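Undergrad: sequence? don't have it. structure:
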């Protein structure tokens, strides 16, 4: 059974076609990396999956919820689909613990004690149990991003979306975030990650999808995609990255 | 011959001053609570609500920000009886001042809401919150923090602006002053006393706003222990 099914979606920004009939099936516990140049539509596709962007045609089914051009029950869907952003987006007026407990409390109605229990557990998972009283601006970028992952995990999502989550980080801080993501993958989380970390995609993702001009240009098992690119566009794209 | 100040006749009527001051506090307190409520609804309605609501709020804001408070007060006090609503002078004053503050605070709060980055809102939505939950839990406190000085300044103006309620014989401080002046003929002394009382009240209110701000924005991180240690090291080295 697929955890995520994207069926022929099209997305326009004004008159610009950014997703041109994209289809993608992702299995339970599968880790899929989406690579491609800026403007290829990869982040837009990710944002369509949890309804942050509207699609103009096609449909998306994820964790038993469906979105079409008319929208869908986005709130129920988002309870089961976590998203982590490039710019972390922690809430600056709340402590780490409050950031993590907020959604379980107000969205799921979990009581405070239980929410804090969940929070401590997910913070332990990302290795930041001791930071629960800190505020975002007291943490490094890597720590903030790990808190953002914990905040998303606290909702116990079935699928997690990662939108260039290491792109805003100093190079020496990307490692800790990638390690956290790798642990999630090992634990069986279904993950879609838009990334520029080719090494990580190759090593951790089961499958890599190359997007170009709003289409899925080429895809396959990560090892094959990187070792044996079929299209000149993909060859051109990964050549400088492999040096 | 130089004018001889004589406060005694005014002081003899101190209870009237006190009553006037108390009425000013009650009147502007009620107007501030109602006006802020209107402002919150107006600002959220204008940024998050359907288009018709946004337009309606826009018309209200423009009407009340482009006419004098005194004229608004007259229209409400003298106009409402024509449609069968009779109000006491104080009730009319509270309504007029609340509507006036509501229009200004709508715009101030809206500026705050719009200053919050879209990415913060998306982070809240992506966690499954409704738009109103995002406003309430994610946006409101950082937004208030940005516009807090402008908002409290507007509240001080509201307190002082309540003096125009004296024009329709509401029983607030300025009206009390006018009454005292007309019996004692000590105009300068009377209004000097009034001015001092207004200053005392605004300073008290500003102190309260400051305390509320401390509580609302309490998230100031305590200084890091290592920093304190560094500072003491430096001062010791300097001594």
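TA: Now that the structure is in, tell me what you want to look at. Model, not experiment: these values are computed from the prediction. Residues are numbered from 1 along each chain as shown, chains lettered A, B, ... in the order given.
Undergrad: Find the nearest non-adjacent residue to the residue positioned nearest the centre of chain B, please.
TA: Compute the mean C-alpha point of chain B, and by C-alpha atoms, centre = their mean the closest residue is residue B:155, 1.7 Å away. The shortest distance from residue B:155 to any non-neighbouring residue, by C-beta to C-beta, 6 or more residues apart in numbering or on different chains, is to residue B:32 (5.7 Å). All C-beta atoms are positioned from the backbone trio N, CA, C, and that covers glycine.
Undergrad: ok so that neighbour is a strand residue?
TA: No - when DSSP: H, G, I helix; E, B strand; the rest coil is applied, residue B:32 is found to be helix, with no strand at that position.
Undergrad: Would you mind listing what in chain A touches chain B?
TA: A:50, A:52, A:74-76, A:78-79, A:82-83, A:85, A:87, A:89-95, A:102-103, A:106-108, A:134-135, A:137-138, A:148, A:151-152, A:155 (C-beta under 8 Å from any C-beta of the partner chain).
Undergrad: Just the buried subset of the residues you listed, please.
TA: Among the residues of chain A next to chain B, those scoring as buried are A:50, A:52, A:74-75, A:78-79, A:82-83, A:85, A:87, A:89-91, A:93-95, A:102-103, A:106-107, A:134-135, A:148, A:151-152, A:155 (criterion: 16 or more other C-beta atoms under 10 Å in any protein chain shown).
Undergrad: Tell me which of those fall in strands.
TA: Cross-referencing those against strands under DSSP state E gives A:82, A:83.
Undergrad: buried residues in the lowest-mean-pLDDT helix or strand in chain A?
TA: Lowest by mean pLDDT, DSSP states H and E among the helices and strands of chain A is helix A:232-242, with a mean of 83. Residues of helix A:232-242 classed as buried: A:233, A:234, A:237, A:238 (neighbour count, 16+ other C-beta under 10 Å).
Undergrad: So which of those is the closest to chain B?
TA: residue A:237 (27.2 Å; C-beta to the nearest C-beta).
Undergrad: these two touch, right, that closest one and residue A:38?
TA: No - contact between residue A:237 and residue A:38 fails when scored by C-beta atoms under 8 Å: they sit 11.3 Å apart.
Undergrad: what bits of chain A have low per-residue confidence?
TA: Segments of chain A classed as low confidence (criterion: pLDDT under 70) are A:1, A:241-243.
Undergrad: Which parts of it are helices?
TA: Ranges of helices in chain A, per DSSP state H, are A:42-49, A:74-80, A:96-108, A:112-125, A:141-153, A:171-186, A:198-204, A:222-227, A:232-242.
Undergrad: Looking at these, which one is packed in the most?
TA: Mean neighbours per residue, mean count of other C-beta atoms under 10 Å in any protein chain shown, is largest over these for helix A:141-153, with a mean of 25.
Undergrad: Who are the packing partners of that helix?
TA: strand A:81-84, helix A:96-108, helix A:112-125, helix A:171-186 (3 or more C-beta pairs under 8 Å, 6 or more residues apart in numbering or on different chains; DSSP states H and E).
Undergrad: Partner strands of the first one, with direction?
TA: Read that as strand A:81-84. Paired neighbours of strand A:81-84 in the sheet (DSSP bridges): strand A:159-163 (parallel).
Undergrad: The partner strand to helix A:171-186, inter-axis angle?
TA: With axes from the mean of the first three to the mean of the last three C-alpha atoms, to 10 degrees applied, the angle from strand A:159-163 to helix A:171-186 works out at 160 degrees.
Undergrad: orientation of strand A:159-163 relative to helix A:42-49 in degrees?
TA: 150 degrees.
Undergrad: What lies in contact with strand A:159-163?
TA: A:3-4, A:26, A:43, A:46-47, A:49-50, A:62-63, A:80-86, A:152-153, A:181, A:184, A:189-195 (C-beta atoms under 8 Å, 6 or more residues apart in numbering or on different chains).
Undergrad: What is the least confident helix or strand in chain B?
TA: Result, chain B / mean pLDDT, DSSP H and E: helix B:225-238, a mean of 43.
Undergrad: helices and strands around the least confident helix or strand of chain A, which ones?
TA: strand A:31-36, helix A:198-204, strand A:207-212, strand A:215-221, helix A:222-227.
Undergrad: Nearest to residue B:177, out of the ones you listed?
TA: strand A:31-36 (72.6 Å; C-beta to C-beta).
Undergrad: Give me the helices and strands touching the helix or strand encompassing residue B:142, please.
TA: Counting by DSSP states H and E, the secondary-structure element that holds residue B:142 is helix B:140-161. Other helices and strands packing on helix B:140-161, by 3+ C-beta pairs under 8 Å, 6+ apart, are helix B:14-48, helix B:89-115, helix B:187-216.
Undergrad: Looks like residue B:115 contacts residue B:146 (just checking).
TA: Yes - with contacts counted by C-beta under 8 Å, residue B:115 reaches residue B:146, the gap being 5.2 Å.
Undergrad: Those two - which one has more neighbours?
TA: residue B:146 (16 against 13; other C-beta atoms under 10 Å in any protein chain shown).
Undergrad: residue contacts, the more buried one?
TA: By C-beta under 8 Å, 6+ apart, the neighbours of residue B:146 are B:111, B:112, B:115.
Undergrad: would a markdown table of these with pLDDT and distance to residue B:75 be doable?
TA: Below are the contacts of residue B:146 laid out as a markdown table (pLDDT from 0 to 100; distance: C-beta to C-beta, whole Å):
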| residue | pLDDT | distance to residue B:75 |
| --- | --- | --- |
| B:111 | 95 | 28 |
| B:112 | 94 | 30 |
| B:115 | 94 | 34 |
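Undergrad: Contact partners for the closest residue to residue A:93 other than its chain neighbours?
TA: Sequence neighbours aside, residue B:141 is the residue nearest to residue A:93 in space, at 4.6 Å (criterion: C-beta to C-beta, 6+ apart). Contact analysis of residue B:141 by C-beta under 8 Å, 6+ apart lists A:93, B:216, B:217.
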